[in-house]
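Engineer: Just the structure for this:
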Amino acid sequence: MDRIILHCDCNSFFASVEMLSRPELRNVPMAVTGDPENRHGIILAKNELAKKYNVQTAETIWQAKSKCPGLVCVRAHHDAYEAMSKRVNAIYLDYTDLVEPFGIDESFLDVSQTIHLFGKSASQLADDIRARVRTELGITISVGVSFCKVFAKLGSDFKKPDATTVFDRASMQTVIYKLPVSDMLYAGRKTTEMLGRWGIRTIGELAAADRRWIAEKFGEAGDTLWQFANGLDNDPVRSFYEKRTVKSVGNGMTFRRDISGEEEIRAGVSSLCDEICGRMRAIGKKGQVVQVSVKDPNFKVRQRQQTLKTPTWLQKDLIDACMELLHTHFRLSDPIRTLTVTVSALCDPDESSEQLSIFDDAAASRTDARQEDLEKTIETIRQRHGRASIYQGLYDKSDIGVSTIKKGGRKNSAAENGKERGE
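Structural biologist: Residues are numbered from 1 along each chain as shown. Got it, this is the predicted structure:
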């Protein structure tokens, strides 16, 4: 018997939340944007009136306003979005504990084992959930209903806003197979472009293609999409209460102005690594693979990574690794718009110990121990007085979006120091 999977997607989520506190925004084309002063001037979400002007998510504010001169831009309030996300998922949990968030504004639900409790069909249950969210929270959702995650997601995207779409097996031939491959979950731009060069543009054309040929030409990604096109998606919906495995910890920053040179770049790297190490300690994980991603003023992105000798959560180790990558693979004189650091290959601290050779430098070991003590002390101070209370070993570069102080000193409030993070 087929599963009953729902994909619930909040419509224009950020914009919808903003319109709850400011009802006047419902009557004008509006968009939630990043902070233009910190060069995050892009569209994050827009309401239905803005969509009529073809305002697109991720385009710049000036591009959006060239289409819609009367566009009202509202700065994002992420705390409000997180709070609303929790309230939406709380409603979903009234129907099943198999609720798997897929981002802040969408979730998969598996109601296969609970639908009999409600005495309704799958589409009726989806309609009930939509009505509750609309009535109790004041926002709307679209729901896709199918026998697998991929087609449920396809359904929620098919008709918006505030709609239910059912894609059963009969729908594969009549509707799904006529849709473009790019509409499917995980269908990346490069893969779909390559498929198009071979005349495969619809989901039906991909489903009818030879699987072995697809795997040979397009690798694992192509084979996965072939399975999805044929409805061969058995990925389970995980319990909302299941502990998630963290595979990587990363942080990125878009600077107020392009940065370059050893000092400015090190300031940015130090700030990013400081937060990453704090999060790694919070989840009790060390990491061994460090990746640096650089975006230049023309939005070209380059990435490089290296594997450390031993896992670490020390800020100094991460900074050294990042700067080594940057020195080796980039020119520090070139301008940088955005810098991102990611640490992966995470493991428990007790798994990361290394048997030292008698020839190892004992002084280096003592230095690492002192650094560990220093960073633990800093974390203790932050737990008592807040994260902004103390920083170590950073430069004062508040004009680029990194506001820090000298090693071991105390720091005033973020507002007083003009600290702005591009997260």
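
Engineer: Work out which residue lies at the spatial centre of the protein.
Structural biologist: residue 103 (7.1 Å; Cα atoms, centre = their mean).

Engineer: Am I right that that residue is in a strand?
Structural biologist: No. Counting by DSSP: H, G, I helix; E, B strand; the rest coil, residue 103 is located in no strand; its state is coil.

Engineer: start at 10 instead
Structural biologist: Understood, numbering begins at 10; the last thing we discussed is residue 112.

Engineer: Please report phi then psi for it.
Structural biologist: Dihedral angles of residue 112 (phi, psi; degrees, to the nearest 10) stand at phi 100, psi 170.

Engineer: Same question for residue 51.
Structural biologist: Dihedral pair for residue 51: phi -120, psi 160, per degrees, to the nearest 10.

Engineer: and it, how many neighbours?
Structural biologist: Residues lying near residue 51 (other Cβ atoms under 10 Å) number 18. C-beta: built from backbone N, CA, C; applies to glycine.

Engineer: show me the contacts for it.
Structural biologist: By Cβ atoms under 8 Å, 6 or more residues apart in numbering, the contact set of residue 51 is 42-43, 67-70.

Engineer: Now that we have those, can you turn them into JSON lines and tack on neighbour count and pLDDT?
Structural biologist: Shown next, in JSON lines, are those (neighbours: other Cβ atoms under 10 Å; pLDDT from 0 to 100):
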{"residue": "42", "neighbour count": "22", "pLDDT": "89"}
{"residue": "43", "neighbour count": "19", "pLDDT": "77"}
{"residue": "67", "neighbour count": "8", "pLDDT": "80"}
{"residue": "68", "neighbour count": "16", "pLDDT": "84"}
{"residue": "69", "neighbour count": "14", "pLDDT": "83"}
{"residue": "70", "neighbour count": "18", "pLDDT": "87"}
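
Engineer: Show me where the chain dips below the pLDDT cut-off.
Structural biologist: Along the chain, the parts satisfying pLDDT under 70 run over 44-49, 360-432.

Engineer: before we move on, back to that, pick the one among the contacts of residue 51 closest to residue 268.
Structural biologist: Residue 268 lies nearest to residue 43 out of the contacts of residue 51, by Cβ to Cβ, at 18.2 Å.

Engineer: right, and that closest one touches residue 85 too?
Structural biologist: Yes. Between residue 43 and residue 85 a contact is recorded at 6.7 Å, counting by Cβ atoms under 8 Å.

Engineer: Quickly list what's touching both of those two.
Structural biologist: Common neighbours of residue 43 and residue 85, using Cβ under 8 Å, 6+ apart, are residue 53.

Engineer: which residues of the chain fall in strands?
Structural biologist: With DSSP state E as the criterion, the chain has strands at 14-19, 39-42, 52-55, 81-84, 108-110, 115-119, 150-155, 173-176, 257-268, 296-304, 310-321, 345-353.

Engineer: Can you check which of those strands gets nearest to residue 278?
Structural biologist: Per Cβ to Cβ, nearest to residue 278 of these: strand 345-353, 6.7 Å.

Engineer: which residues are contacting the closest one?
Structural biologist: Applying Cβ under 8 Å, 6+ apart, the contact partners of strand 345-353 are 48, 256-264, 267-269, 274, 277-278, 281-282, 285, 289, 296-306, 308, 327, 331, 431.

Engineer: Quick one, which of these are buried?
Structural biologist: The neighbour count (16 or more other Cβ atoms under 10 Å) marks 48, 258, 260, 262-264, 268, 274, 277-278, 281-282, 285, 289, 296-304, 327, 331, 431 as buried among those.

Engineer: can you give me the helices in the stretch 10-159 of the chain?
Structural biologist: 22-30, 57-60, 70-76, 87-101, 131-146, 158-167 (DSSP state H, counting those that start in this stretch).

Engineer: Next, format these as TSV and append distance to residue 118.
Structural biologist: Output for the helices of the stretch 10-159 of the chain, formatted as TSV (distance: least, Cβ to Cβ, whole Å):
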stretch	distance to residue 118
helix 22-30	17
helix 57-60	25
helix 70-76	33
helix 87-101	6
helix 131-146	8
helix 158-167	9
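
Engineer: Quick check: which of those is nearest to residue 319?
Structural biologist: Of these, the one closest to residue 319 (Cβ to Cβ) turns out to be helix 87-101, at 35.3 Å.

Engineer: Next, the buried residues of that closest one.
Structural biologist: Applying a neighbour-count criterion of 16+ other Cβ under 10 Å, one finds 90, 93-94, 97-98, 100-101 buried in helix 87-101.

Engineer: Please apply the same query to stretch 346-358.
Structural biologist: Within stretch 346-358, the residues that qualify as buried are 346-353, 355, counting by 16+ other Cβ under 10 Å.

Engineer: Let's have those residues in JSON lines, adding distance to residue 201.
Structural biologist: Shown next, in JSON lines, are these (distance: Cβ to Cβ, whole Å):
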{"residue": "346", "distance to residue 201": "27"}
{"residue": "347", "distance to residue 201": "26"}
{"residue": "348", "distance to residue 201": "29"}
{"residue": "349", "distance to residue 201": "25"}
{"residue": "350", "distance to residue 201": "30"}
{"residue": "351", "distance to residue 201": "25"}
{"residue": "352", "distance to residue 201": "31"}
{"residue": "353", "distance to residue 201": "27"}
{"residue": "355", "distance to residue 201": "32"}
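
Engineer: Name the nearest of the residues you listed relative to residue 231.
Structural biologist: Using Cβ to Cβ, the buried residues of stretch 346-358 come closest to residue 231 at residue 353, 24.5 Å.
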